[in-house]
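S.K.: Build me a model:
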Amino acid sequence: MFLGERLKKLRLEKGLSQQELGDLIGVSKVSISEYENGNRIPLLNNFNELLDVFHVTADYFLGRDMIAVSEEEEPYTYRIAKEDIDILKALKNEKSLYLKLYRDPIRTVELIQRKLNK
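M.R.: Residues are numbered from 1 along each chain as shown. The predicted structure follows:
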């Protein structure tokens with residue numbers, strides 16, 4: 001789910017075509033397209049090559065990252081309630097809904113609110 005979307009985003013940010021990225025990691029343009037569309041998962045060695053090309057972690061590609069930024073010099077701490085974690089876990093089990101929330105959270109929440117108010 002996340003791998004394809006993030007792969008495409010990183011590829012475009014780096015200005016690479018699918019063919020160019022495929023050449024870098026030793027796969028075809030079709031394979032890159034299949035990865036981006038979520039129809040295929042890269043083999044471990046190709047996955048590692050993608051990590052190296054884009055200088056990201058496996059957690060980033062798999063959607064298990066959390067980046068916190070502090071604009072001040074002091075350490076940044078972020079706390080999340082157990083209930084919020086439970087909500088996220090439940091949402092991740094509903095892959096279609098989770099993907100919609102991921103892609104367009106504001107619109108998806110508005111649609112859910114409308115549905116609940118009927």
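S.K.: Could you find the closest non-adjacent residue to Val56?
M.R.: Nearest residue to Val56 in three dimensions, chain neighbours excluded: Leu10, at 7.0 Å (C-beta to C-beta, 6 or more residues apart in numbering). Where you see a C-beta, it was placed from the backbone N, CA and C, and this is true even at glycine.
S.K.: Name the nearest residue to Phe61, ignoring sequence neighbours.
M.R.: According to C-beta to C-beta, 6+ apart, the nearest residue to Phe61 is Leu3 (4.9 Å).
S.K.: And for that neighbour, the neighbour number?
M.R.: A count of neighbours around Leu3, defined by other C-beta atoms under 10 Å, yields 19.
S.K.: distance of the residue nearest to Val56 from Phe54?
M.R.: As defined by C-beta to C-beta, to the nearest Å, Leu10 lies at a distance of 5 Å from Phe54.
S.K.: Gly4 now?
M.R.: Between Gly4 and Phe54 the distance, using C-beta to C-beta, works out to 14 Å.
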